[in-house]
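Student: Dropping the sequence and predicted coords here.
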Amino acid sequence: MNLVSHTGIVFVREMRPGLRNPLGLVFQMAEPLVFLVLFGPLLAVMPSVGDGSTWQWFVPGIVVMLSLFGASGAGYLMLTEASAGTLERLLATPLRRTAILAGRTGKEVATLLVQALLIVLATLPVGFDPHPLGALVGLLLLAVFGVGLGSLSISLALAMRDQPSTFYGIQQGLLFPLLLLSGVLLPMDFAPDWLHTASRFNPLTYLVEAERALFAGDLAHPSVLWAALTAVAVAVVGLAVGARTMRRASC
Amino acid sequence: MIHARQLARTFQVKGERVEAVRGIDLDVEPGELVAFLGPNGAGKSTSLRMLTTLLPPTSGTALVAGHDVTHEGARVRQRIGYIGQGSGSGEYMLPRDELMTQCRAYGLSRTEAVRRTGELMAMLDLESLATRPAGTLSGGQRRRLDIALGMVHRPALLFLDEPSTGLDPQNRAHLWEHILRLRRESGTTLFLTTHYLDEADAMAERVIIVDRGAIVADDTAENLKAQLAGDLITLTLADTDHAGTAAAIASRMPSVSEATVDGTTVRVRATWGVAVLPEYLRALDTSAAPALTAEVRTPTLDDVFLALTGRRLRDGDAPEE
Ligand SMILES: Nc1ncnc2c1ncn2[C@@H]1O[C@H](COP(=O)(O)OP(=O)(O)O)[C@@H](O)[C@H]1O
Ligand SMILES: [Mg+2]
């Protein structure tokens, strides 16, 4: 059997609990939802943060935040299954090593896309007005980024399986600085110079800018190219590191 | 089935070298039921992980089901089953789903997988639990699911790491029924680890005792007990003088290996104690030091372990060095 069918087997395994309990999908998006509901309205009454409605500016960022939280947390489950002995059971089967990673990453991306769609749909009534083609390209970009970040998170979990606290430390330690530096919550235009410069070194910044342009229908915006390059680079590195880590997890 | 030569594994823990397995040699033929017996930390799981391709050996080689574990991992995995020390099923997964996944992972078609899943759930009394998340099952139920997961492809060689640890006696007995039935019906070669003495004694045809990463004995339980420990004869006598005489007489008998006095009690180690005792009692009568009580106890594997290592296995963990 080949890599594709093995990936399918792992993907189906990972997807089943979520499909049986779809409500869990909503609970998993707790952080982005909290920001959307408790922070978004506050932003709406602030002086304008760009052209058009606040939601037009804020929702694309929240969608990026969603993928950041979701994909970077992919390793949690891997860690749980590694310490319980479940990973070992899967590693002892003939499943292709890379399929065990790819199937899991696939589930993260699928979950992420469904959640992003939910957020888009939920904000339509309050005035979010996404450009259909732009939104599609935006989601695709997120998916590519999610593949990379998800793989990296799973690899990190696998490498740190004997010391779970290191995994949590690294994941949490990177998550919030990257998030705040990307201009998801407030525009970086108003930031002091040093902060603004720092944000230019954050790959996530380009992704956030590109998502805003795409959802607004500006497919030719320069940030889109940068974001695409960033997402592809993260995906290539993530998959390469992931495949290597998985292969080293057994003989 | 298994041929290991000088298989060794060391771990680096905070700059210190832990020699978990120190060069073991092992040959297991098809159809055998072998128990790897040793205290916690003896290196049982590490050995099993190397034999099942989950952990690369630091040195040495192992052929398992005809293939090299280090270089032909995929081929080995295709031919063996492994039931680890932890729980194989995911916390949020349903037993039926996990069995389906496992069947598919071993290459069964969808229809075959459905049939095999049903068969195994019936065989291991899992039918009423098929749709409860595995995390909500009791220890015994979850272990039965593990066993089912390890058997989906009817492997010719099955490894079980402490299959019965944490189960109450009734569940242990049930588990063994399942394991032995598998063996009867499919002729599976079984290689399991345990730190339960009585289990190794009662169930395994061959017991390999491991201590501090090395094999210290390898034989049938009967032979190990007969050769390494011997029966224990315990006598009480009227006074300490008589006890001294009795010990002296015992140590002159050919099949006696050891005789010790403790107050008015004499303990004698002898091969085939039931045959030695009548002769011994007659000798005591003629020497005017008659025994008041006499008892013969056949040795346990714990006595064997004590004879081999100077420690008791039931004391728990292997001492750190
Ligand atoms: N992944 C690991 N990292 C570091 N040390 C380990 C690891 N696995 C096992 N050990 C050490 O190797 C020794 C043998 O462990 P193990 O094989 O689990 O013993 P057993 O299964 O007989 O209880 C122990 O000292 C244990 O601490
Ligand atoms: Mg163990």
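Tutor: That came in fine, so what should we check first? Ligands and ions are numbered 1, 2, ... in the order given.

Student: what does chain B put close to ligand 2?
Tutor: B:44-45, B:85 (C-beta under 5 Å from the ion). Backbone N, C-alpha and C define where each C-beta goes, glycine included.

Student: could you redo the last one with a cut-off of 6 Å?
Tutor: Neighbours of ligand 2 within chain B, by C-beta under 6 Å from the ion: B:44-45, B:85, B:161-162.

Student: Which one (most neighbours) among the residues you listed?
Tutor: Highest neighbour count within those, by other C-beta atoms under 10 Å in any protein chain shown: residue B:44, with 26 neighbours.

Student: Quick check: bridge partners of the closest residue to that one other than its chain neighbours?
Tutor: Counting by C-beta to C-beta, 6 or more residues apart in numbering or on different chains, residue B:193 is the residue found nearest to residue B:44 once chain neighbours are left out, at 4.0 Å. With DSSP bridges as the criterion, residue B:193 is bridged to residue B:36, residue B:161.

Student: What's the per-residue pLDDT of residue B:193 here?
Tutor: pLDDT, residue B:193: 94.

Student: now it: how far from residue B:34?
Tutor: 10 Å (C-beta to C-beta, to the nearest Å).

Student: These two: which is more packed in?
Tutor: For residue B:193 versus residue B:34, neighbours defined as other C-beta under 10 Å are more numerous around residue B:193 (25 against 22).

Student: Low-confidence ranges, chain B, go.
Tutor: The model of chain B has pLDDT under 70 over residues B:229, B:314-321.

Student: would you turn the residues of chain B next to ligand 2 into TSV with distance to residue A:143?
Tutor: Formatted as TSV, the entries for these read as follows, by distance: C-beta to C-beta, whole Å:
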residue	distance to residue A:143
B:44	44
B:45	39
B:85	38
B:161	39
B:162	42
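
Student: Get me the contact residues on chain A for ligand 1.
Tutor: residue A:162 (C-beta under 6 Å from any ligand atom).

Student: worst-scoring helix or strand of chain A, pLDDT-wise?
Tutor: Between all helices and strands in chain A, the lowest mean by mean pLDDT, DSSP states H and E belongs to helix A:40-44, at a mean of 77.

Student: which helices and strands sit right next to that one?
Tutor: When contacts are defined as 3 or more C-beta pairs under 8 Å, 6 or more residues apart in numbering or on different chains; DSSP states H and E, helix A:40-44 sits against helix A:54-72.

Student: Can you point out the buried residues in the host helix or strand of residue B:24?
Tutor: Here residue B:24 sits within strand B:16-28, counting by DSSP states H and E. Buried residues in strand B:16-28, counted by 16 or more other C-beta atoms under 10 Å in any protein chain shown: B:18-24, B:26, B:28.

Student: same deal with stretch B:270-277?
Tutor: For stretch B:270-277, burial by neighbour count (16+ other C-beta under 10 Å) applies to B:270-271, B:273, B:276-277.

Student: For the residue nearest the centre of chain A, which residues are in contact?
Tutor: Nearest to the mean C-alpha position of chain A, by C-alpha atoms, centre = their mean, lies residue A:67 at 2.2 Å. With contacts defined as C-beta atoms under 8 Å, 6 or more residues apart in numbering or on different chains, residue A:67 is in contact with A:112, A:116, A:142, A:145-146, A:149.

Student: Show me which of these is closest to ligand 2.
Tutor: residue A:149 (35.0 Å; C-beta to the ion).

Student: That closest one in helix, strand or coil?
Tutor: Judged by DSSP: H, G, I helix; E, B strand; the rest coil, the three-state class of residue A:149 is helix.

Student: what sits against it?
Tutor: Listed by C-beta under 8 Å, 6+ apart, the contact set of residue A:149 reads A:67-68, A:71-72, A:74, A:234, A:238.

Student: Relative to residue B:211, which of those residues is nearest.
Tutor: residue A:74 (41.3 Å; C-beta to C-beta).
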